[in-house]
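[1] predicted model and sequence follow; I will ask about them next.
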Amino acid sequence: MSPPLREFTSADEKSIQELSSFPVERMVLAAGMAAIALITGGNVLSRYVLNISLGFTEGFTVLFMVIISMVGAATAFARDRHIVVDYFVGKLPASARSLMELLSYFGVLLCFSMIVIYGFILTYDDYLFETMLSSIEMKQWLFTIWLPISSLLVIYRVVQKMVRWRGR
């Protein structure tokens, strides 16, 4: 196994704890998982006990899954727990590993910035054309808006990491 990208000091650990000490993110994750469990459990019960499928619940399940994924990604960045494949990078000298880490942050920023831009365009189109969800009579933009908003949280956390990286 290759060595980690860099060794953490107690100051790094303290700063990670400060970044991840927002209980709101944890509450959103817990509430989202609870909502998915309740919705899916209710759908299973209604399907097998009452022989009625609650198809409208799928839209809410997907909504909560998107929010959980994005908030989880932001939390992972704040805690330095995101997935890292460092086989080749681990073989580089420390300065090159640090540069690769910074480049990866820019890549993440680019990716999530594109999600924000195109997510807002999609949301605006849904709003403009009054697109409705097929399973329930609800406006689709109310569901689509959460993708770019939650992506902004990921961008915020990555920028925090970059500021911390700069301060090293």
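    Received it, and whenever you're ready, just let me know what you need.

[2] what helices and strands are in contact with the helix or strand hosting residue 147?
    Assigned by DSSP states H and E, residue 147 belongs to helix 146-166. With contacts taken as 3 or more Cβ pairs under 8 Å, 6 or more residues apart in numbering; DSSP states H and E, helix 146-166 sits against helix 10-19, helix 57-78, helix 94-128. For the C-beta atoms, the positions are set from N, CA and C on the backbone; glycine is no exception.

[3] for residue 38, find the nearest of those.
    helix 57-78 (9.6 Å; Cβ to Cβ).

[4] pull the residues that contact that closest one.
    By Cβ atoms under 8 Å, 6 or more residues apart in numbering, the residues outside helix 57-78 that reach it are 16, 19-20, 22, 25-26, 28-29, 32-33, 35-36, 39-40, 42-43, 81-83, 108, 133, 135-136, 138, 143, 146-147, 150-151, 153-154, 156-158, 160-161.

[5] repeat for stretch 43-56
    With Cβ under 8 Å, 6+ apart, stretch 43-56 has contacts from 42, 57, 133, 135-136.

[6] picking up where we left off before, state the mean pLDDT of the helix holding residue 147.
    Mean pLDDT, computed over helix 146-166, is 92.

[7] buried ones in it, by neighbour count?
    Neighbour-count burial for helix 146-166 flags 146-148, 150-155, 157-158, 160-162, 164 (criterion: 16 or more other Cβ atoms under 10 Å).
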